[in-house]
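> A predicted structure for the sequence below; I have some questions about it.
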Amino acid sequence: MDKLTPKAVIFDLGSTLIDYPSTTWEEVSVDCMAAVRRFLIERGHELPDDEGFYIVYQELRNEYRKIASETLVEWTVPQVITKLLARFDIDADDSFVDKLFDVFYGPVRQYLYAYEDAAEVLSRINDRYGTVGLVSNTVFPERAHLDELSRFGLEPLLSFKLFSSSFGLRKPHPKIFLKAANLAGFAPSECVYIGDRYVEDIEGPNGIGMDAVLRRQDGRGYPDPMASDVRMVSSLSELVMHFDF
């Protein structure tokens, strides 16, 4: 294939620039909800045991997930926390829900790491193309990810950041990619998207005429066989094979 020569390069976040070390999101969620339960117990609230509390969270979360999968309207963890508190007759205003989210997110912060080559590759692409952005599906408030990007030294390397939790729609909805191209200041055909999921990160941008590169990850359920025209890498450093650095 010919090298890509875009005017803007846009990245996914989770499993593309940052990741969890050999664990699953469900395992992390168990730790998160255990932390929330401890916080509430310490404040005198009566709750079921960790397993029972997590089952209620799962039930509420899965309701939101189902709607999101059908409509591509994003849900957020604070929405679920608000319903969870109501289920146990705990009064809460927005500031208390925000505090509980911070408690929930504590274990996530401990697990997260940035790929070793993330900053270097973003710097090289920035030097070459000038506009590097980020579009991420997330159920977390934007502030959590901005903190991560700053902590890992990636924030200054990104011209713009677009999160589904703030935008309201999730990938592969075309509007989120069109918004990203608008933020970049170029037509979709002048941008390239890089992410680890086939439907969200390849079919989504391709659907509006935006080229894409798949950062292949184990266990993602990719098409088999993969179409011969899908550009793929197994690490960010391999992007040199597809871009004119």
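The structure has been received and is ready for your questions. Numbering: from 1, shown residues only.
> Show me this structure divided up by domain.
Domain assignment for the chain by automatic domain parsing gives 8-19+114-241, 25-111.
> winner for burial among the ones you listed?
Counting by mean count of other CB atoms under 10 Å, domain 8-19+114-241 has the highest mean neighbour count of the domains of the chain, with a mean of 18. Where you see a C-beta, it was placed from the backbone N, CA and C, and this is true even at glycine.
> any idea of the mean pLDDT for that one?
In this model, domain 8-19+114-241 has a mean pLDDT of 95.
> if we compare the domains of the chain, which one ends up closest to residue 2?
Residue 2 sits nearest to domain 8-19+114-241 of all the domains of the chain, at 10.6 Å, using CB to CB.
> For the residue of the chain most remote from its centre, give its distance to residue 90.
Relative to the mean C-alpha coordinate of the chain, counting by CA atoms, centre = their mean, the farthest residue is residue 44 (34.2 Å). Going from residue 44 to residue 90 by CB to CB, to the nearest Å gives 10 Å.
> what about the strands in the chain?
For the chain, the strands defined by DSSP state E occupy 8-11, 18-19, 113-114, 132-136, 160-163, 191-195, 211-215, 231-233.
> what does the lengthiest helix in the chain contact?
For the chain, the helix with the greatest residue count under DSSP state H is helix 50-71. Applying CB atoms under 8 Å, 6 or more residues apart in numbering, the contact partners of helix 50-71 are 29-30, 33-34, 36-37, 47-48, 73-75, 79-80, 83-84, 87, 170.
> Filter those down to the ones in helices?
Among the contacts of helix 50-71, the residues falling in helices (DSSP H) are 29-30, 33-34, 36-37, 79-80, 83-84, 87.
> Show me which of the residues you listed is closest to residue 112.
The closest of the ones in helices among the contacts of helix 50-71, once distances to residue 112 are taken by CB to CB, is residue 29, at 13.9 Å.
> Next one: the closest one, what pLDDT does it get?
So, for residue 29, pLDDT stands at 92.
> Report the contact partners of it.
Going by CB under 8 Å, 6+ apart, residue 29 touches 54, 57.
> ok, now residue 220?
Contact analysis of residue 220 by CB under 8 Å, 6+ apart lists 196-198.
> wait, doesn't residue 176 sit right on residue 163?
No - look at residue 176 against residue 163 with CB atoms under 8 Å: they stay out of range, at 9.6 Å.
> what would the domains of the chain look like in TSV with distance to residue 1?
Below are those laid out as TSV (distance: least, CB to CB, whole Å):
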stretch	distance to residue 1
domain 8-19+114-241	7
domain 25-111	30
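> State the distance from the residue farthest from the centre of the chain to residue 97.
According to CB to CB, residue 44 and residue 97 sit 18 Å apart.
> Switch the strands of the chain over to TSV; also include distance to residue 149.
Compiled in TSV, the strands of the chain are given as follows (distance: least, CB to CB, whole Å):
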stretch	distance to residue 149
strand 8-11	11
strand 18-19	9
strand 113-114	9
strand 132-136	8
strand 160-163	7
strand 191-195	16
strand 211-215	17
strand 231-233	21
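> still on that earlier bit, dump the contacts of residue 220 into a markdown table; add distance to residue 148 as well.
Below are the contacts of residue 220 laid out as a markdown table (distance: CB to CB, whole Å):
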| residue | distance to residue 148 |
| --- | --- |
| 196 | 17 |
| 197 | 19 |
| 198 | 25 |
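> quick check, nearest of the residues you listed to residue 16?
residue 196 (5.2 Å).
> residues in contact with the closest one?
By CB under 8 Å, 6+ apart, the contact set of residue 196 is 12, 14-16, 214-217, 220.
> Could you let me know which of those residues ends up closest to residue 181?
Of all the contacts of residue 196, residue 181 sits closest to residue 12, with 15.2 Å by CB to CB.
> Pull the contacting residues for that closest one.
Neighbours of residue 12 in contact, by CB under 8 Å, 6+ apart: 134-137, 193-197, 200-201, 215.
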